[in-house]
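[1] what would the 3D arrangement of this be:
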Amino acid sequence: MVWYPDKSFILMVHERMLTEFGGHKGIRQKRFFDSILNVILDKMKEEEDTYMEAAILLRELATTPLFEDANKRTAFSVTHTFLSMNGVEVKRRYEEDETLRFLKALRQYTFGEIAGWLKSGRT
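    Residues are numbered from 1 along each chain as shown. Next up, the predicted model:
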């Protein structure tokens, strides 16, 4: 059975990111949070490949301004947890500078390219 993050988990990760790295508290899309999350999860469930599901989760969470701050950090952490909870060994193979550049440019990558990056840690 596939594990998918729920609202409470994403909110907990977001709070942890703010505590650890700082940033502005607040949910921008409070009224639509549940429906936005459901759209993301439905899109993920259409895929059979775990890395493609993770790519959808990463890009959609990172580029949808759910929070006032830390959207990309939250998305990256939630995506790593998603992979780990679903039996994918996640190694710390990402270079910090390259990761930041990649996350800032997520919109320009296809889900397939993002899935490839998640597998290899390289663009």
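[2] output the lowest mean pLDDT helix or strand found in the chain.
    Comparing every helix and strand of the chain by mean pLDDT, DSSP states H and E singles out helix 96-104 as the least confident one, with a mean of 84.
[3] so which elements touch it?
    helix 71-85 (3 or more C-beta pairs under 8 Å, 6 or more residues apart in numbering; DSSP states H and E). Heads up, the C-betas are built off the backbone N, CA and C, glycines and all.
[4] centre of the chain to the helix it packs on, how far?
    Taking C-alpha atoms, centre = their mean, to the nearest Å, one finds the center of helix 71-85 at 5 Å from the center of the full chain.
[5] just the mean pLDDT for it, thanks.
    Regarding helix 71-85, the rounded mean pLDDT is 95.
[6] what is the orientation angle of that helix with helix 96-104?
    With axes from the mean of the first three to the mean of the last three C-alpha atoms, to 10 degrees defining the directions, helix 71-85 sits at 100 degrees from helix 96-104.
[7] now for helix 71-85, which elements pack on it?
    Under the contact criterion of 3+ C-beta pairs under 8 Å, 6+ apart, helix 71-85 touches helix 7-21, helix 50-63, helix 96-104.
[8] and with 7 Å instead?
    Where contact means 3 or more C-beta pairs under 7 Å, 6 or more residues apart in numbering; DSSP states H and E, helix 71-85 is packed against helix 7-21, helix 50-63.
[9] pLDDT on the shortest one, on average?
    Predicted confidence along helix 50-63 averages 97 (mean pLDDT).
[10] could you say what helices and strands that helix packs with?
    The criterion is 3+ C-beta pairs under 7 Å, 6+ apart, and the helices and strands that helix 50-63 contacts are helix 33-45, helix 71-85, helix 111-120.
[11] show residues contacting the first one.
    With C-beta atoms under 7 Å, 6 or more residues apart in numbering as the contact definition, helix 33-45 has outside contacts at 4, 7, 27, 29, 53, 56-57, 60-61, 64, 66.
[12] list the buried residues in that helix.
    Within helix 33-45, the residues that qualify as buried by neighbour count (16 or more other C-beta atoms under 10 Å) are 33, 36-37, 40-41, 44.
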